[in-house]
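Enquirer: Here is my input, please return the structure:
(2 chains)
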Amino acid sequence: MNRAPAIEVAGLDVAFGRGRRAFRAVRDASFSVTAGSSFGLVGESGSGKTTVLRALAGLLPPAARFRGELRLHGGLLRPARSRALRRRLQLVFQDPYGSLHPRHTVDRILGEPARVHGLDSIDRRTVAALADVGLDPSFRFRFPHQLSGGQRQRIAIARALIIEPAVVLLDEPTSALDVSVQAEILNLLQRLRREYALTFVLVSHDLAVVSHMCEALAVMRAGEVVETVSVDALRADTLQHRYSRQLLQAAQGYRSTAAGMPPAER
Amino acid sequence: MSAVRAWLLVDVPRSRWQARCQRFFFAWLAFRQNAGAVAGLAIVGTLVAAALLAPWIAGSTGVVPDLGNRLQPPSGAFWFGTDELGRDIFDRIVWGSRITLYIVGLVTLIVVPIGLAVGVVAGYVGGWLDGALMRLTDIFLAFPRLILALAFVAALGPGLENAVLAIALTAWSPYARIARAEALTLRHSDFILAARSQGIPHHQILAGHVAPMCISSVIVRLTLDMAGIILTAAGLGFLGLGAQPPTPEWGAMIALGRDYLLDQWWVPAFPGLAILVVSLGFNLLGDGLRDVLDPKSRS
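Expert: As a prediction, the model looks like this:
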């Protein structure tokens, strides 16, 4: 693949707080994401992967200081950005129970962003967006508390897609969901990516999810990108960095234990 | 009736309007469980009905003296007796409900928008604006309410409008504090971040996303404050700084009846009773609304 990169992150540094008590959440992170592909960011909790995503989405708190360059299809991304730029980069949150406004109907949740960006035929778009995520039009006038977790996450995905973004940032989109629903949501995301030629950046601590969804991934630890590899390398077990191998081993160990086989016998 | 009920209880609402009605209906079902709250609603409802229907309920205008019937005790003809000028106290209380409602309504109209706007902006924007707005709120919060109202009325002259203005000026600050506290917790919630990442303009987030989440605690606080507002208005009336005679304002009626407290107890007692009942009604209503509206107190 020698297509142009959709997302470029170069020397990203994010710090919270000032002076000696400053905490560097991300240290000199660099990677790039090919247009139309899916890129995974993996690492344990606190490794800075969500902070990278928030920096891309322009949602860092004002107290955060950040250096480095973020580019979307070659154009520079700054913390303060125009509405048109925000439209091209959408975010799906981890917790579908917190990411939908509890007092808004699905109709408003989907219709408001479309209206703000001056799109036409909002009614038709709303119904189409529901259909895209596999929901019946009857869901349109429900409130979030009348929906299940999986349905809420589908609404959150529909909300991100209704304004036709180029890149979707996924912050652990399935980790708050029931195991039985996780696969459905992942397959839905795969299908939508193909249909709309989207670029995904997926944050996850689950290597199985990343290897299912992504073509390439970056392993993060303590705010640093320790290794950027293709998923084939992950599958072929040819990871270079010691920490990445540990992470993979931990995941495999977990899986074989779950299958009823102690890790030592593998 | 059952068709309406079925329409309200249907699982899948078919329109925006139905979804909204449903929400109010469910809130009403929860509200109905609380006997005290229903009693409060009945009292406030009676107050509103009395104010609306005053010309039909009251036999007189309540302001024309009838010196032949001075200080009559309560009887079949004069339910609550008559005052020192022979005016029917029941009629005056009924007409006075209009004034009470006028005070309560005007204070609400001034206090809620100001308090909500100041608090929501301070909490959402944060930084130096938050500091500036909150110090301003602190200044108003630090004034003793009745003293400031007294000074205000003394400067602008006695009268109902000035009394209302004085009360409103001292009453908005707690609402700003409540709204700010709510906005602070909301500012970093995922659904507000989602709205920001979608490029929804800040003023629209404030009005459409943050404010609706703050308004329920403001409404609860308002109904609980109503008793205090009525009492302050009555206090100003009692001191002669609120409504001027012959307006049948309840506090002013007590002030005039004070001279007859020992021998003709009914002159100050019935307006006092009216103030008590209405204050109690608003308090009970506020308690019930808090149970329904405030998600934090829900178990």
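Enquirer: send the alpha carbons of stretch A:216-231 over as PDB?
Expert: The C-alpha trace of stretch A:216-231 is given here as PDB (Å, rounded to 0.1, in the frame of the first residue of the first chain):
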ATOM      1  CA  ALA A 216      -1.100  -2.100  11.400                       C
ATOM      2  CA  LEU A 217      -0.700  -1.200  15.000                       C
ATOM      3  CA  ALA A 218       1.500   0.800  17.400                       C
ATOM      4  CA  VAL A 219       2.400  -0.600  20.800                       C
ATOM      5  CA  MET A 220       2.500   2.100  23.500                       C
ATOM      6  CA  ARG A 221       4.000   2.000  27.000                       C
ATOM      7  CA  ALA A 222       4.300   4.800  29.500                       C
ATOM      8  CA  GLY A 223       3.500   7.400  26.900                       C
ATOM      9  CA  GLU A 224       6.000   6.100  24.300                       C
ATOM     10  CA  VAL A 225       5.400   4.300  21.100                       C
ATOM     11  CA  VAL A 226       7.700   1.300  21.500                       C
ATOM     12  CA  GLU A 227       7.000  -0.400  18.200                       C
ATOM     13  CA  THR A 228       4.900   0.000  15.100                       C
ATOM     14  CA  VAL A 229       4.200  -3.200  13.200                       C
ATOM     15  CA  SER A 230       1.900  -4.700  10.700                       C
ATOM     16  CA  VAL A 231      -0.800  -7.100  11.900                       C
END
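Enquirer: Quick one: residues contacting the residue sitting nearest the centre point of chain B.
Expert: Compute the mean C-alpha point of chain B, and by Cα atoms, centre = their mean the closest residue is B:Met226, 3.9 Å away. Contact analysis of B:Met226 by Cβ atoms under 8 Å, 6 or more residues apart in numbering or on different chains lists B:Val104, B:Ser279, B:Phe282, B:Asn283, B:Gly286. For the C-beta atoms, the positions are set from N, CA and C on the backbone; glycine is no exception.
Enquirer: In the stretch 151-266 of chain A, which residue sits closest to chain B?
Expert: A:Ile163 (6.8 Å; Cβ to the nearest Cβ).
Enquirer: Let's see the pLDDT reported for that residue.
Expert: If you check A:Ile163, the pLDDT there is 92.
Enquirer: what does the average pLDDT come to for the helix or strand hosting the residue nearest to the centre of chain B?
Expert: Using DSSP states H and E, B:Met226 falls within helix B:211-238. Averaging pLDDT along helix B:211-238 yields 85.
Enquirer: buried ones in that helix?
Expert: Within helix B:211-238, the residues that count as buried by 16 or more other Cβ atoms under 10 Å in any protein chain shown are B:211, B:213-227, B:229-238.
Enquirer: Ok, stretch B:147-160 next?
Expert: Quick answer for stretch B:147-160 (16+ other Cβ under 10 Å): B:Leu148, B:Ala149, B:Leu150, B:Phe152, B:Val153, B:Pro158, B:Leu160.
Enquirer: Now do the helices in the stretch 1-150 of chain A.
Expert: A:49-57, A:83-88, A:106-116, A:122-132, A:149-161 (DSSP state H, counting those that start in this stretch).
Enquirer: Next, format these as CSV and append mean neighbour count.
Expert: Shown next, in CSV, are the helices of the stretch 1-150 of chain A (neighbours: other Cβ atoms under 10 Å in any protein chain shown):
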stretch, mean neighbour count
helix A:49-57, 23
helix A:83-88, 17
helix A:106-116, 21
helix A:122-132, 17
helix A:149-161, 23
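Enquirer: Nearest to B:Val118, out of those?
Expert: helix A:106-116 (25.2 Å; Cβ to Cβ).
Enquirer: That closest one close to chain B?
Expert: Yes - shown here: helix A:106-116 in contact with chain B (Cβ under 8 Å from any Cβ of the partner chain) through A:Asp107, A:Glu112, A:Pro113, A:Val116.
Enquirer: my guess is the second one meets B:Ile200, correct?
Expert: I take that to be A:Glu112. Yes - assessed by Cβ atoms under 8 Å, A:Glu112 is found in contact with B:Ile200 at 6.5 Å.
Enquirer: Give me the common contacts of these two.
Expert: Counting by Cβ under 8 Å, 6+ apart, A:Glu112 and B:Ile200 have no contacts in common.
Enquirer: just checking, what packs against the helix or strand encompassing B:Leu169?
Expert: If you go by DSSP H and E, B:Leu169 is part of helix B:160-171. On a contact count with 3 or more Cβ pairs under 8 Å, 6 or more residues apart in numbering or on different chains; DSSP states H and E, helix B:160-171 meets helix B:89-125, helix B:145-156, helix B:211-238.
Enquirer: Give me the three-state assignment for B:Val64.
Expert: Under DSSP: H, G, I helix; E, B strand; the rest coil, B:Val64 falls in the coil class.
Enquirer: Which one of the residues of helix A:106-116 next to chain B is nearest to chain B?
Expert: For those, the nearest to chain B is A:Pro113 (4.3 Å; Cβ to the nearest Cβ).
Enquirer: I'd assumed A:Leu60 was in contact with A:Phe66.
Expert: Yes - in this structure A:Phe66 lies within contact range of A:Leu60 using Cβ under 8 Å: 6.4 Å.
Enquirer: can you list residues touching both of those two?
Expert: A:Val14, A:Pro79.
Enquirer: in chain B, what residue is nearest chain A?
Expert: Residue of chain B nearest chain A, by Cβ to the nearest Cβ: B:Gly199 (3.6 Å).
Enquirer: three-state assignment of that residue?
Expert: Using three-state DSSP, the structure places B:Gly199 in coil.
Enquirer: Am I right that it is in contact with A:Leu89?
Expert: No - counting by Cβ under 8 Å, B:Gly199 does not reach A:Leu89; the two are 9.7 Å apart.
Enquirer: Between these two, tell me which one has more neighbours.
Expert: A:Leu89 (25 against 21; other Cβ atoms under 10 Å in any protein chain shown).
Enquirer: so who does that one touch?
Expert: A:Leu56, A:Ala57, A:Gly58, A:Leu72, A:Leu77, A:Pro165, A:Ala166, A:Val167, A:Leu169, B:Ser197.
Enquirer: Give me the distance between the third one and A:Gly43.
Expert: From A:Gly58 across to A:Gly43, the span is 22 Å (Cβ to Cβ, to the nearest Å).
Enquirer: ok, those two, which is more surrounded?
Expert: Set A:Gly58 next to A:Gly43 and count neighbours by other Cβ under 10 Å: A:Gly43 wins out with 25 against 19.
Enquirer: where does the stretch 1-150 of chain A dip in pLDDT?
Expert: A:1-3 (pLDDT under 70).
Enquirer: one more time with 80, if that's ok
Expert: A:1-3, A:18-21, A:62-63, A:79-80 (pLDDT under 80).
Enquirer: Equivalent analysis for the stretch 151-299 of chain B, please.
Expert: B:227, B:240, B:245, B:291, B:293-299.
Enquirer: For burial, what's the neighbour tally of the closest residue to A:Leu76 other than its chain neighbours?
Expert: Leaving aside its chain neighbours, A:Leu76 sits nearest to A:Glu69 (6.7 Å; criterion: Cβ to Cβ, 6 or more residues apart in numbering or on different chains). If you count neighbours by other Cβ under 10 Å, A:Glu69 ends up with 13.
Enquirer: quick one: the strands in chain A?
Expert: Ranges of strands in chain A, per DSSP state E, are A:5-16, A:23-34, A:38-42, A:65-72, A:75-76, A:89-92, A:167-171, A:199-204, A:216-221, A:224-230.
Enquirer: The third one pairs with which strands, and in what direction?
Expert: According to DSSP bridges, the neighbouring strands of strand A:38-42, each with its direction, are strand A:199-204 (parallel), strand A:216-221 (parallel).
Enquirer: Ok, the second one next?
Expert: According to DSSP bridges, the neighbouring strands of strand A:23-34, each with its direction, are strand A:5-16 (antiparallel).
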